[in-house]
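> Could you look at this predicted model? Sequence included:
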Amino acid sequence: MIRAMQDALERFGWIDSAIAAAAAVVAAVYMATEVNDPKINAPVVAVVVFLAIPATLLWRRRAPLVALGGLLAAILAHALLFGTAVVRCGIVIPVAFALVYAAGARLPKREALAGLVVAELAIVTMILLDGADGIIGAIPLVTPLIVVLWGVGRIVHSRSTLVVTMTERNADLRKARTERARLEVATDRARIAGELDVLLQRRLAALAALAEDGRGEGPAIAGAALAQIEREGRATLEQMRDLVGALRDEATGLPTAPQPTLTELEGLLVRAKGADARLTVQGNPRVLPPGVELSAYRIVEALLDALADTPDVELGVRFDDDVLELALCGHERSRSETEGPLRRARERVTIQNGALSRRVDGGRAELRISLPVLAAG
């Protein structure tokens, strides 16, 4: 029962339910005085039936035309059951005012006009049936007020319709702007993709020509040709990064700068541990596969976080024919501070099918990493 009452209140709306309840209380008190009036001598049941008039306020916003029809029907039924003297304007007129305004504000023009007619009929019928002396003279005053309230409702309806229309138009404009921006981005991406295709064709042709020039020549000329091919290849990669970076969505925030290589290890070491940190390079330094160089850089970067900021940090890099070896020495931080960097370094080493060993002696750690070159290439 309680749940059903709550659902009914939610269906009609709390405001309409509260207004109807307040009007019902006033109507009950109003009609109770009629019951006690010896001139009218209304039956007690008339109080209950009269509550049908304020009950029409429940449909004030959901169906104002239906509510006005219910108001007119309630007036006629009350008069037929209990006589004309029992119908009172003190409740009917405010209810009619509220309903005719709602009809003007919420209904389309044709239905709103029908609501105005029904409201006028209800008011005139109530006045003609009311038994009070001189009540007939209220018709010239009350009926224009009905029209005025209906007109105010129509103004509110027009403004609400205008707001809805403007909101829809703004939504359409935003959608059109978004679509235009998307088309512009697609056009730019198509243009950049075309430029990338032209760049690749031109650069690859130039690299092929350099390789052809070095074929069959002596070691010095072939070495110079390979060095030139390396420089041209790196320049091509830089230009490709610029073009591909322009294709990326700015919202992703993805970096377009070149990935770090082994040549940047010295700068990393100085930034992390200061100018006293030492870097030694052995073997035959050369350009390694990008995955190996990037992994080696990230491994050293992670392991430096595991070492204390002391001036005795040493990093050794050894280039062998088929493996890259790294040796990093220094005093470790606390155990809790080293776990994360060591885990990140091991993950990188595992990806490259390499090996990582760690030896600690008197607080000084020696970390050795080997990364296969050929397997990664």
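Good, I have the coordinates. Residues are numbered from 1 along each chain as shown.

> I'd like the distance between D16 and T56.
Distance from D16 to T56, counting by CB to CB, to the nearest Å: 10 Å. In this view, the C-beta of every residue, glycine as well, is placed from N, C-alpha and C.

> quick one, which of the two is more surrounded?
The neighbour count for D16 versus T56, taken as other CB atoms under 10 Å, is higher for T56 (26 against 20).

> Model confidence at that one, what's the number?
Reading off the confidence values, T56 has pLDDT 86.

> now it: how far from R344?
Counting by CB to CB, the separation of T56 from R344 is 73 Å.

> If you count contacts, what does the helix or strand where V66 lies end up packed against?
Per DSSP states H and E, V66 falls inside helix 64-82. The contact analysis (3 or more CB pairs under 8 Å, 6 or more residues apart in numbering; DSSP states H and E) places helix 64-82 against helix 45-50, helix 52-55, helix 89-106, helix 109-129.

> go again using 10 Å as the cut-off
helix 14-36, helix 45-50, helix 52-55, helix 89-106, helix 109-129 (3 or more CB pairs under 10 Å, 6 or more residues apart in numbering; DSSP states H and E).

> so where's the stretch 151-300 of the chain uncertain?
Applying pLDDT under 70 to the stretch 151-300 of the chain flags the ranges 185, 188, 192-193, 196-197, 199-200, 203-205, 207-208, 210-258.

> in this structure, which spans are helices?
Taking DSSP state H as the test, the helices found in the chain are 2-12, 14-36, 45-50, 52-55, 64-82, 89-106, 109-129, 139-214, 219-247, 265-273, 290-306, 335-351.

> Those helices into a markdown table, with extra columns for distance to G316?
Shown next, in a markdown table, are these (distance: least, CB to CB, whole Å):
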| stretch | distance to G316 |
| --- | --- |
| helix 2-12 | 76 |
| helix 14-36 | 78 |
| helix 45-50 | 101 |
| helix 52-55 | 93 |
| helix 64-82 | 88 |
| helix 89-106 | 84 |
| helix 109-129 | 89 |
| helix 139-214 | 34 |
| helix 219-247 | 25 |
| helix 265-273 | 11 |
| helix 290-306 | 11 |
| helix 335-351 | 16 |
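
> What residues are bridge-paired with R358?
Applying DSSP bridges to R358 gives these bridge partners: L367.

> pretty sure it is touching L342, no?
Yes. With contact defined as CB atoms under 10 Å, R358 reaches L342; the gap is 7.4 Å.

> Overlap of the contact sets of the two?
With contacts defined as CB atoms under 10 Å, 6 or more residues apart in numbering, the residues adjacent to both R358 and L342 are L303, A306, E332, A365, L367.

> What subset of the residues you listed is buried?
L303, A306, E332, A365, L367 (16 or more other CB atoms under 10 Å).

> of all these, which comes closest to Q201?
Distances from Q201 to the buried ones among the shared contacts of R358 and L342, taken as CB to CB, are shortest for L303 (42.4 Å).

> hang on, the closest one packs against T338?
Yes. The pair L303 / T338 is scored as a contact, 9.1 Å apart, by CB under 10 Å.

> which residues do those two both contact?
With CB under 10 Å, 6+ apart, L303 and T338 have common neighbours E332, R358, A365.

> ok, back up a step: out of the helices of the chain, which comes closest to D321?
Closest approach to D321 among the helices of the chain (CB to CB): helix 290-306, 13.5 Å.

> Next, the angle helix 265-273 makes with the closest one.
Put simply, helix 290-306 runs at 20 degrees to helix 265-273, going by axes from the mean of the first three to the mean of the last three CA atoms, to 10 degrees.

> from the middle of its chain, how far away would helix 290-306 be?
The chain centroid and the centroid of helix 290-306 are separated by 37 Å under CA atoms, centre = their mean, to the nearest Å.

> What distance do you get for L99 to Y297?
The gap separating L99 from Y297 is 79 Å, by CB to CB.

> Equivalent analysis for V45, please.
Taking CB to CB, one finds V45 at 94 Å from Y297.

> So for these two, which residue has more residues nearby?
When V45 is set against Y297 and neighbours are counted by other CB under 10 Å, the residue ahead is Y297, at 19 against 11.

> and that one, what is it in contact with?
Contact partners of Y297, counting by CB under 10 Å, 6+ apart, are Q259, P260, T261, L262, T263, E264, L265, L268, R348.

> how about the residues you listed in JSON lines, adding neighbour count and distance to A327?
Listed next are these as JSON lines, based on neighbours: other CB atoms under 10 Å; distance: CB to CB, whole Å:
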{"residue": "Q259", "neighbour count": "14", "distance to A327": "23"}
{"residue": "P260", "neighbour count": "17", "distance to A327": "19"}
{"residue": "T261", "neighbour count": "16", "distance to A327": "19"}
{"residue": "L262", "neighbour count": "21", "distance to A327": "14"}
{"residue": "T263", "neighbour count": "11", "distance to A327": "18"}
{"residue": "E264", "neighbour count": "14", "distance to A327": "18"}
{"residue": "L265", "neighbour count": "20", "distance to A327": "12"}
{"residue": "L268", "neighbour count": "17", "distance to A327": "15"}
{"residue": "R348", "neighbour count": "22", "distance to A327": "16"}
